[in-house]
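Q: Build the 3D model from these lines:
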Amino acid sequence: MKLKNQIAIITGSSSGIGKSVAECMAAAGAKVVINYPFEKGKAEAQQILDGIKSKGGEGIICQCDVSQEDQVIAMFESTIKTFGTVDILVNNAGIQVDSPFENMTLKQWNAVVNVNLTGQFLCAREAIKEFLRRGVDAEKSCAAGKIIHMSSVHQVIPWAGHANYATSKGGIDLLMQTIAQEFAGRKIRVNSICPGAIQTPINKDAWSTKEALDSLLTLIPYNRIGQPEDIGKAAVWLASDESDYVTGASLFVDGGMTLFPGFRTNG
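A: Numbers count the residues shown, from 1 in each chain. Predicted coordinates for the structure are as follows:
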């Protein structure tokens, strides 16, 4: 129970990677806040929470569009009112709105940057405030708080047709490092997980047929597509005291996608 009695907010956790992170953290003893952005996601969030509770876990669901400052503040206030504090933030919420660059509209650009980057800033800011207020609770953790930013291999790999997404992930990298540098002396640890190709609904076109999957695997030296649990397990480790000396790091969970697989045969 590496996260016993710790309170974890996982944004965008009503599906995909966020769902697995919530489930893995709950299994490790955390009380989880399952966040969903719009009313239509409430049933899915409740279903995930019900599954967690059926296994002895605890948590709540919370609607919040992370790109909206007032909603983020309300989510943290609600969590603190319910559980007393926040110990872990997993900044997971993210979207894709793809377009060739020359056709990309300002609306498409802003939609992705507002959720993927501004949303992470807003949530991290509120988490930092609570960590500073509370300080270290040695019965829970030797850190005052932990933030895990969900980035992507595309913080280092350019991605044609996805300029807004890749830019948001590159921004997350320096946001994470800057916060980590600023607050390490206050015992607040901040890191990123950078997933590669993970089998979730957001990228179904990349793995739903044999042909598509075979093509995708040419980019993955480990020769399998990642599963949401791969990210969930990494998140538990980064949130636990087992990684207490780790801050300001990007953990690539990608099966080797960032190893330039095209050069496996000398390029």
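Q: which residue ends up closest to the midpoint of this structure in space?
A: For the chain, the residue nearest the mean C-alpha position is Asn92 (2.6 Å; CA atoms, centre = their mean).
Q: State the distance from the closest residue in space to Glu242 that isn't next to it in sequence to Gln108.
A: Closest residue in space to Glu242, ignoring its immediate chain neighbours: Lys2 at 6.7 Å, by CB to CB, 6 or more residues apart in numbering. (C-beta placed from N, C-alpha, C; glycine too.) Relative to Gln108, Lys2 is positioned 40 Å away (CB to CB, to the nearest Å).
Q: follow-up on the earlier one: quick one, what contacts the residue nearest to Glu242?
A: By CB atoms under 8 Å, 6 or more residues apart in numbering, the residues touching Lys2 are Ala28, Gly29, Val236, Trp237, Ala239, Ser240, Asp241, Glu242.
Q: other SSEs contacting the longest strand anywhere in the chain?
A: In the chain, taking DSSP state E as the definition, the longest strand is strand 188-195. In terms of contact count using 3 or more CB pairs under 8 Å, 6 or more residues apart in numbering; DSSP states H and E, strand 188-195 is assigned the packing partners helix 119-134, strand 145-150, helix 163-183, helix 228-239, strand 250-253.
Q: where does the stretch 101-250 of the chain dip in pLDDT?
A: Along the stretch 101-250 of the chain, segments meeting pLDDT under 70 are nowhere present.
Q: the inter-axis angle of the longest strand of the chain versus strand 145-150?
A: Relative orientation of strand 188-195 and strand 145-150, computed by axes from the mean of the first three to the mean of the last three CA atoms, to 10 degrees: 20 degrees.
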